[in-house]
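K.L.:
coords please:
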Amino acid sequence: MGRRIDLSGAEIRGGDHGDGGPPIFLPRHTAAASPLLALDIGGTLVKLVYTATCGAEAELRFAKFERRRLDDCFSFIRAEGLLGCNGTTLGSTKESMGLLKATGGGSYKFGDDFQEKLGVSLDKLDEMDSVVSGANFLLENVPGAAFTYMNGKRNSIDISPDNLFPYLLVNIGSGVSILKVTGNKKFERVTGTHIGGGTMFGLGKLLTGCNSYDEFLQLSQKGNNFVLDLIVKDICGELVCQKQGLSTSTLASSFGKVITSMKKLTDYRPEDIASTLLSAFTYNIAQISFLVASLLGLRRVFFGGSYIRGHKSTMENISYALDFWSQSQMQAAFLQHEGYLGAIGALMSYGDPIDENLTLKESNEKQNTNETAAPTDPTAADEHNDSNIFPYLLVNIGSGVSMIEVIGKGKFERIIGSHLGGGTILGLARLLTGCSSYEEFLELSQRGNNLAVDLTVGDIYGENGYPKIGLPASTTAASFGKVNSSKLSDYKAEDLAAALLNSFTYNIGQIAYFVANLSGLKRIFFRGAYVCGHEKTMDKISRSLKYWSKGEVQTTFLCHEGFLGTLGAFWSYENMGIDGLESHEVIREVLLGAPYTGNFPSLPLTQEQDIEENTTVEVEVERLRHENAVMKSELEWLRRENAELKAKLS
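P.N.:
Okay, here's the model as predicted:
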């Protein structure tokens, strides 16, 4: 058995130490002992945590390398003298060699490289176990390791170990894992999302030409997301906003303004694109975190992961969005060494008994069965009357997404919305593929292969996937997470279109499921300009709902003959209560999809005034064109649906 690290009295001293965060001082750990090293080898980065001597004292230090530059990592380990036995040896019949603690999918894929290049073997630890252990170590042992960040102010928070659990841990890597932590080594991965840091960086590379995530973050600091984002003012105009009591700067659709613009990708500033990407996806992560925390009855939410980077705008966006959606009932908290949770947890395991290396072929009772679960049909045997129609969730997919609980004829309440809707899909599609219409985009997507750019669980862990938490190899870990080149021409338009459709339809389905679950609703109806009559879109949404709900939630579409037959109980739009949604009052209910965005990022006042004066006419013209196109589409849709319903009733 190897020796343990003495963690008592651990504290953070001094300022930053490179790009890994400040070292953690260990006053009671033996400084003269041989160094200890642990690694977290993820989909994008290799993170290292190691003990080092600082005078007569010991401390934990941190370093990271891009996974594609593994040789640089090897050189660093040699240069720092970290090839000691780390307190243990294999003791096998083979030649005895050092044993390093490691976690992350790369520990399986690159174990042979460590043995060949460094002469060490990797003791592979479960990634989720390590992440939770690392977070608990920081929260329980290191004062000031956790903090809040809002309105430009960073405030340390100290939490008593007696009052720490339970909490929600949102780990933002290439993808996002969300875990409910109830104690030391007691946790459950409750869900995750494929839209994470890998998505931001992948799209960032394609749209801005940046070569590193830090470069992408620097670009975003200088940008203005209002150039590409559609806000409420763009749709309603200032006068209507004032009458309805709406904030003019509320985000309606990320990248939604691209739809009505004649601009090409090269006409936009990389800084503005980066700013738009950052706000779009950080808001989305915060919204999903809020919904999951609400479902679990949790109020304490910690955010970690290597894609936060201590970046002010990232933390500001997450904090503001969580505060917005929770109505100030939840507060986002961050961790000082957020990107190293897995590596810290692996380092803490020194001194534990050495078990056999984990195998990805192990069985697990939580193996995901979502793909084979049969959907239920709670309305199949019902009478055709109002009592079994209501309540239901109506998801309206336009440029943004509105989710409305309908409880009776003309009785409804907007629950929540999402800024990642049809406008986001088509806006990004135009920038990435140059397509001119949604139909052209869908046609492109049918001929594409999203796996050319999407990072799967198999890409990280190998062909066996991650069975312990029920993730098969084919599961998407990070949309656009496989993008390595910053040259858009290196990728086929069809593949990019396929990845876009997968990414956002699955995201809409996931959020709709959480909202329905939170509201106790078993029926979800989808409608809107970006879903009506588009079989590919409907198929993706159906698959998403089946996956997330395990077939427990019924998915129905109000716009296509192939799906109208499944309604059964509905004879007219009036019977469904949809007629109430046509009233003028609903404008207030269906537009608000995301938090107010007027404060970040902001431009100097004089520049904002100039932009306001110079673009008022242009914005108004674009708004009228957009409204005209939507009205024409809706009119045609209603005519077609009316004819179909008459045919079915005759």
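
K.L.:
How is residue 282 assigned, secondary-structure-wise?
P.N.:
State at residue 282, reduced to three classes by DSSP: H, G, I helix; E, B strand; the rest coil: helix.

K.L.:
From residue 298, how far off is it?
P.N.:
According to Cβ to Cβ, to the nearest Å, residue 282 stands 20 Å off from residue 298. (Each C-beta comes from the backbone N, C-alpha and C, glycine too.)

K.L.:
These two: which has the busier surroundings?
P.N.:
Counted by other Cβ atoms under 10 Å, residue 282 and residue 298 do not tie: residue 282 has more neighbours, with 26 against 16.

K.L.:
Run through the residues that contact the more buried one.
P.N.:
Residues near residue 282 by Cβ atoms under 8 Å, 6 or more residues apart in numbering: 314, 317, 318, 321.

K.L.:
host element of the spatially closest residue to the third one that is not a sequence neighbour?
P.N.:
In this case it means residue 318. Leaving out its chain neighbours, the residue that sits closest to residue 318 by Cβ to Cβ, 6 or more residues apart in numbering is residue 286, at 4.7 Å. Secondary structure from DSSP states H and E places residue 286 in helix 270-296.

K.L.:
Next secondary structure after that helix?
P.N.:
As assigned by DSSP H and E, the chain's next helix or strand after helix 270-296 is strand 300-304.

K.L.:
how far is that following strand from where the chain is centred?
P.N.:
14 Å (Cα atoms, centre = their mean, to the nearest Å).

K.L.:
same for it, what does it pack against?
P.N.:
In terms of contacts (3 or more Cβ pairs under 8 Å, 6 or more residues apart in numbering; DSSP states H and E), strand 300-304 is packed against helix 127-141, strand 167-172, helix 270-296, helix 312-325, strand 331-335.

K.L.:
which residues of this protein score low on pLDDT?
P.N.:
The chain contains residues with pLDDT under 70 at 1-3, 14-20, 31-32, 84-97, 240-246, 353-387, 559-650.

K.L.:
Go again with 50.
P.N.:
For the chain, applying pLDDT under 50 flags the ranges 1, 16-18, 85, 87-96, 355-385, 560-592, 598-617.

K.L.:
ok, residue 181 - contacts?
P.N.:
132, 135, 136, 165, 166, 167, 168, 169, 187.

K.L.:
mind redoing it with 10 Å?
P.N.:
Contacts for residue 181 (Cβ atoms under 10 Å, 6 or more residues apart in numbering) come out as 131-132, 135-136, 139, 164-169, 187-188, 298, 300, 302.

K.L.:
Just among those, which is most surrounded?
P.N.:
residue 131 (30 neighbours).

K.L.:
what's the spacing between that one and residue 451?
P.N.:
26 Å.

K.L.:
Equivalent analysis for residue 419, please.
P.N.:
Remark: distance between residue 419 and residue 451 (Cβ to Cβ) = 27 Å.

K.L.:
try residue 505
P.N.:
To residue 451, residue 505 is 16 Å away according to Cβ to Cβ.

K.L.:
of the two, who's got more company?
P.N.:
Using other Cβ under 10 Å, the more surrounded residue of residue 505 and residue 451 is residue 505, with 24 against 17.

K.L.:
doesn't residue 544 make contact with the more buried one?
P.N.:
Yes: under the criterion of Cβ atoms under 10 Å, residue 505 makes contact with residue 544 at 6.2 Å.

K.L.:
List the residues that contact residue 171.
P.N.:
With Cβ under 10 Å, 6+ apart, residue 171 has these contacts: 127-128, 131-132, 134-135, 177-179, 189, 192, 196, 302-308, 338-339, 341-342.

K.L.:
Quick check: bridge partners of it?
P.N.:
Beta-bridge pairing for residue 171 (DSSP bridges): residue 177, residue 304.

K.L.:
quick one: buried residues of stretch 544-563?
P.N.:
Within stretch 544-563, the residues that qualify as buried are 544-560, 563, counting by 16 or more other Cβ atoms under 10 Å.

K.L.:
need the strands for the stretch 451-600 of the chain, in chain order.
P.N.:
Using DSSP state E, counting those that start in this stretch, the strands of the stretch 451-600 of the chain run over 455-456, 476-478, 523-527, 554-557.

K.L.:
what's the last one packed up against?
P.N.:
Which is strand 554-557. When contacts are defined as 3 or more Cβ pairs under 10 Å, 6 or more residues apart in numbering; DSSP states H and E, strand 554-557 sits against strand 392-397, helix 493-519, strand 523-527, helix 535-549, helix 561-564.

K.L.:
now the second one
P.N.:
Other elements packing on strand 476-478 under the criterion 3+ Cβ pairs under 10 Å, 6+ apart are strand 176-183, strand 186-193, helix 197-208, strand 455-456, helix 457-461, helix 493-519.

K.L.:
rerun that using 6 Å as the cut-off
P.N.:
Under the contact definition 3 or more Cβ pairs under 6 Å, 6 or more residues apart in numbering; DSSP states H and E, strand 476-478 sits against strand 455-456.

K.L.:
ok, now the shortest one?
P.N.:
Using 3+ Cβ pairs under 6 Å, 6+ apart, the elements in contact with strand 455-456 are strand 476-478.

K.L.:
Neighbouring strands - and their directions - for the strand it packs on?
P.N.:
Strand pairing for strand 476-478, using DSSP bridges, gives strand 455-456 (antiparallel).

K.L.:
For the partner strand, what is the distance to the chain centroid?
P.N.:
14 Å.

K.L.:
same question, stretch 301-312
P.N.:
Centroid displacement of stretch 301-312 relative to its chain, using Cα atoms, centre = their mean, is 12 Å.

K.L.:
again, but for stretch 150-170
P.N.:
In this view, stretch 150-170 has its centroid 21 Å away from the chain centroid, taken as Cα atoms, centre = their mean.

K.L.:
who touches it?
P.N.:
135, 139-140, 143-144, 146-148, 178-179, 181-183, 289, 293, 298, 300-303, 319 (Cβ atoms under 6 Å, 6 or more residues apart in numbering).

K.L.:
again with stretch 105-119
P.N.:
Residues outside stretch 105-119 that contact it (Cβ under 6 Å, 6+ apart) are 41, 74, 97, 120, 121, 122, 124, 460, 461, 462.

K.L.:
and with 7 Å instead?
P.N.:
Stretch 105-119 is contacted from outside by 41-43, 46, 67, 70, 74, 77, 83, 97, 120-122, 124, 360, 460-462, using Cβ atoms under 7 Å, 6 or more residues apart in numbering.

K.L.:
Might you specify the subset of those located within strands?
P.N.:
Within those, residues falling in strands by DSSP state E are 41, 46, 120, 121, 122, 124.

K.L.:
so can I have TSV of those residues showing neighbour count?
P.N.:
Output for these, formatted as TSV (neighbours: other Cβ atoms under 10 Å):
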residue	neighbour count
41	30
46	26
120	22
121	21
122	24
124	23
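
K.L.:
Quick check: the farthest pair among these?
P.N.:
Longest distance between any two of these is 16.7 Å, between 46 and 121; criterion Cβ to Cβ.

K.L.:
what about residue 143, neighbour count?
P.N.:
When neighbours are defined as other Cβ under 10 Å, residue 143 has 10 of them.

K.L.:
pretty sure it belongs to a helix, no?
P.N.:
No: looking at residue 143 with three-state DSSP, it is coil, so not inside a helix.
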